[in-house]
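**Student:** Make a model of this:
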Amino acid sequence: MKTIFLYALFLLGIPNFFGLVIGWPLGIVLIPLSRLINPTTSIGSWLLSIYMGLSMGIGFGVAGIIIVRLFGEMPGGAVPVISGAWALVYYYSRGQPKMEAWAYVVGIYVSLITYWVWQPI
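**Tutor:** Model (predicted):
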């Protein structure tokens, strides 16, 4: 029953909200770093969109792992698929930058693959 409730939370997009809460501060930290790499980076630039998408995707990955582990489950392949679909639907339906959408999806997979590789056995 708890697995059904867990995936219902994911289908409702609750972990995506927590991922934005976790990922936004990470993005704020990455903005000055992007200025070091490319001094012409400004609000609305493609490089900044990629950094923000990656940071919010990584934030979701962390939030998703925490929520799944709190339910006593192991994060499986459905977690990034459901959340990546949520992100793509949001970005494409709202006319947001597509590079940021795909960076968000890449951030989700990076954080979850990192967890899967380095999880304790």
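**Student:** can you list contacts of the worst-scoring helix or strand of the chain on mean pLDDT?
**Tutor:** For the chain, using mean pLDDT, DSSP states H and E, the weakest element among its helices and strands is helix 14-37, scoring a mean of 81. Around helix 14-37, the neighbours that count as contacts under CB atoms under 8 Å, 6 or more residues apart in numbering are 9, 41, 47-48, 51-52, 54-64, 67, 83, 86-87, 107. No exception for glycine: its C-beta is placed from N, CA and C like everyone else's.
**Student:** Return the subset of those residues lying in helices.
**Tutor:** Judged by DSSP state H, the subset of the contacts of helix 14-37 located in helices is 9, 47-48, 51-52, 54-64, 67, 83, 86-87, 107.
**Student:** Buried ones among the residues you listed?
**Tutor:** For the ones in helices among the contacts of helix 14-37, a neighbour count by 16 or more other CB atoms under 10 Å gives the buried set as 9, 48, 51-52, 54-64, 67, 83, 86-87, 107.
**Student:** Report how many residues lie close to Val79.
**Tutor:** Residues lying near Val79 (other CB atoms under 10 Å) number 23.
**Student:** Touching, it and Arg69? I think so.
**Tutor:** No - using CB atoms under 8 Å, Val79 is not in contact with Arg69, being 11.1 Å away.
**Student:** Look at Ile43 and tell me its secondary structure.
**Tutor:** coil (DSSP: H, G, I helix; E, B strand; the rest coil).
**Student:** How much space separates it from Ile50?
**Tutor:** For Ile43, the distance to Ile50 (CB to CB, to the nearest Å) stands at 14 Å.
**Student:** Same question for Ala101.
**Tutor:** Between Ala101 and Ile50 the distance is 10 Å, computed by CB to CB.
**Student:** residues contacting the residue most central in space within the chain?
**Tutor:** Nearest to the mean C-alpha position of the chain, counting by CA atoms, centre = their mean, stands Gly57 at 1.7 Å. Residues in contact with Gly57 (CB under 8 Å, 6+ apart) are Gly19, Gly23, Ala87, Ala103, Tyr104, Val105, Val106, Gly107, Ile108, Tyr109, Val110, Ser111.
**Student:** I'd like the residues you listed written out as a markdown table, with distance to Met1 added.
**Tutor:** Listed next are the contacts of Gly57 as a markdown table, based on distance: CB to CB, whole Å:
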| residue | distance to Met1 |
| --- | --- |
| Gly19 | 25 |
| Gly23 | 30 |
| Ala87 | 28 |
| Ala103 | 36 |
| Tyr104 | 31 |
| Val105 | 30 |
| Val106 | 33 |
| Gly107 | 31 |
| Ile108 | 26 |
| Tyr109 | 29 |
| Val110 | 31 |
| Ser111 | 27 |
